[in-house]
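Chemist: Just the structure for this:
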Amino acid sequence: MTRAVAVVGLATLALAGCGTGGLANENSVDVADGKLLFIKNCGGCHVLREAGTRGTQGPNLDDAFAGPRSEDFSESTIQQVVDDQIKYAVAPMPRNLVRGEDAEAVAAYVAAVAANAKAKVALPAGAGGNDPKLLFGSNCGTCHTLADAGTTGKVGPNLDQAKPSLQRAVTQITNGGGGMPPFKGQLTEAQIKTLAQYVVRVTKG
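Modeler: Okay, the predicted model is just below:
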């Protein structure tokens, strides 16, 4: 989702007065589930402050929606644009990363929090920020395939095949290399170790 596409789409929707365009009212959608789905499916590519994601392949969504937010575009309009971008994504973003109600939840979540410094959405009960699957999904999943995490990224190595050692995983996550950015300073040492241990555990054997 480029900033230009998002802003042009918002302007078009606003002029057309199309509201939610058939989406469920954002108040009826579980934005907590949307946050979890965003982290797992989108966070590897997009920066979104409230989600704590730092992806660099796609646009920073806080930046993309800062202008429309300052111009008081409604959340339902932003939600429609995000939903359309999920459905009709332009490469390299794959289409329909999430579908149906899941797509609506992600769109409602992004609409609620993007460029909104006061927004705070709790994860669903039982889902924590140090959950290794969430950490992997938000930081690694768009680039790497890992069956246990349900990710199919093809930019970096298939980790199910690579089967890295613990030390190799820690070093690579910390320092980056080979096109992979370093996560030192972005993730804590504990989070890096959690990620590395998770990858090694689920690819062993």
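
Chemist: can you give me the helices for the protein?
Modeler: With DSSP state H as the criterion, the chain has helices at 3-16, 31-41, 61-64, 66-70, 75-87, 100-113, 132-139, 159-162, 166-175, 189-203.

Chemist: I'd like the ones you listed written out as TSV, with distance to Pro124, mean pLDDT and mean neighbour count added.
Modeler: Heads up, the C-betas are built off the backbone N, CA and C, glycines and all. Formatted as TSV, these follow (distance: least, Cβ to Cβ, whole Å; pLDDT from 0 to 100; neighbours: other Cβ atoms under 10 Å):
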stretch	distance to Pro124	mean pLDDT	mean neighbour count
helix 3-16	27	44	16
helix 31-41	5	91	24
helix 61-64	21	97	22
helix 66-70	25	95	16
helix 75-87	19	95	23
helix 100-113	11	96	24
helix 132-139	11	85	24
helix 159-162	26	96	16
helix 166-175	26	96	17
helix 189-203	20	95	17
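
Chemist: how about those helices in CSV, adding distance to Ala119?
Modeler: Shown next, in CSV, are the helices of the chain (distance: least, Cβ to Cβ, whole Å):
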stretch, distance to Ala119
helix 3-16, 17
helix 31-41, 9
helix 61-64, 10
helix 66-70, 10
helix 75-87, 10
helix 100-113, 4
helix 132-139, 17
helix 159-162, 33
helix 166-175, 28
helix 189-203, 23
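
Chemist: To Ala147, which of those helices lies closest?
Modeler: helix 159-162 (5.3 Å; Cβ to Cβ).

Chemist: How far away from the center of its chain is the closest one?
Modeler: 22 Å (Cα atoms, centre = their mean, to the nearest Å).

Chemist: Stretch 56-70 too?
Modeler: Worked out by Cα atoms, centre = their mean, stretch 56-70 lies 13 Å from the chain centre.

Chemist: cool, and stretch 85-100?
Modeler: With Cα atoms, centre = their mean as the basis, stretch 85-100 stands 12 Å off its chain's centre.

Chemist: Same check on stretch 177-186?
Modeler: Relative to its parent chain, stretch 177-186 has a centroid offset of 18 Å by Cα atoms, centre = their mean.

Chemist: Next: stretch 98-106.
Modeler: So, by Cα atoms, centre = their mean, the centroid of stretch 98-106 is 13 Å from its chain's centroid.

Chemist: returning to what we had before: now for the helices of the chain, which one comes closest to Leu123?
Modeler: helix 31-41 (5.8 Å).

Chemist: what's that closest one in contact with?
Modeler: 48, 50-53, 97-98, 102, 104-110, 112-113, 121-124, 127, 133-134, 137-138, 141, 149-150 (Cβ atoms under 8 Å, 6 or more residues apart in numbering).
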